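In: need a structure here:
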Amino acid sequence: MKYSEAAPHPALSKYVDAYWTATGNSKTVAVEKILPDGCVDIIFNVGNDCYTDNGAVLMKNDKTYLVGTMTRFKETEMDSSTRLLGVRFKPGTFLAFFKFAPLCEIANRTVELDARFSLNTNNRIKSPFKLLDKFLFKNLKNPNQQLLEQVQTIQKSKGQVKIEELASIHFTTVRQLERNFKHHLGITPKEFVNLVRYQNVKAAIEQRKHGQSLLSIAFDFGYYDHAHLTNHFRQYNGCTPSVF
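Out: From the prediction side, this is the model:
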């Protein structure tokens, strides 16, 4: 697969993580693993039909799809006729642009979107990223700033903050946190904390010094033991940390 990213307009960078394109580079079908990142994506299929969600969902040509927040990895089938254009929203920001059902309804799912999410087919190939900037500026409304601050606290802690502590820091209740996260992110605060912790421990393992044990890294990130770490890796990555 050939994959590339582009930054959004600076005024959108607080809300959009990246624009991206993915193109298959094999005449035969290749299976690409997609890892959870806490984000919601809009995908415009500008190539031929392809299967995603481990073969359960067919993304049709010239259709637009929303990928809900993932708590486990999924696989997409691609070949040389596959071409996808995407917007990856930062955690908790998608509903700042679009009115939609609570995102907990589509967690770990890929759903087809209606015509209001479509792009002008005549322009998207020539200058897709400028078109996406225009598309998003037109739809940007009032983001939930409190939620974005809560997400930042979790990210700065590298996923090592208790939910009760998070609620206290932001002068809210655990129940309200649960409600807002499920609505705006699609997953609970605890699920997001676990995902952020996994992302950071994965990076630490990939960059570990010679002789540094997986167990010591696991302890550094609040895992009880090696098995606890392994279970998270299997859920998010489909493999064990020993393969890194």
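In: buried residues, stretch 211-228. List them.
Out: 214, 217, 218, 221, 222, 223, 226 (16 or more other C-beta atoms under 10 Å). (Glycine included, C-beta is placed from N, CA and C.)
In: adding distance to residue 29, write these out as JSON lines.
Out: As requested, the buried residues of stretch 211-228 are exported to JSON lines (distance: C-beta to C-beta, whole Å):
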{"residue": "214", "distance to residue 29": "34"}
{"residue": "217", "distance to residue 29": "36"}
{"residue": "218", "distance to residue 29": "36"}
{"residue": "221", "distance to residue 29": "37"}
{"residue": "222", "distance to residue 29": "40"}
{"residue": "223", "distance to residue 29": "36"}
{"residue": "226", "distance to residue 29": "36"}
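In: these: which two are farthest apart?
Out: 214 and 222 (14.3 Å; C-beta to C-beta).
In: please name the nearest non-neighbouring residue to the residue most central in space within the chain.
Out: To find the centre residue of the chain, average its C-alpha atoms and take the closest one (C-alpha atoms, centre = their mean): that gives residue 39, at 2.7 Å. For residue 39, the nearest residue in space outside its immediate sequence neighbours is residue 88; the separation is 5.0 Å by C-beta to C-beta, 6 or more residues apart in numbering.
In: count of neighbours near residue 16?
Out: Residue 16 is flanked by 23 other residues according to other C-beta atoms under 10 Å.
In: isn't it right up against residue 93?
Out: Yes: using C-beta atoms under 8 Å as the test, residue 16 is close enough to residue 93 to be in contact (7.4 Å).
In: tell me the contacts of the residue nearest to the centre of the chain?
Out: The contact partners of residue 39, taken as C-beta atoms under 8 Å, 6 or more residues apart in numbering, are 17, 69, 88, 89, 90, 91.
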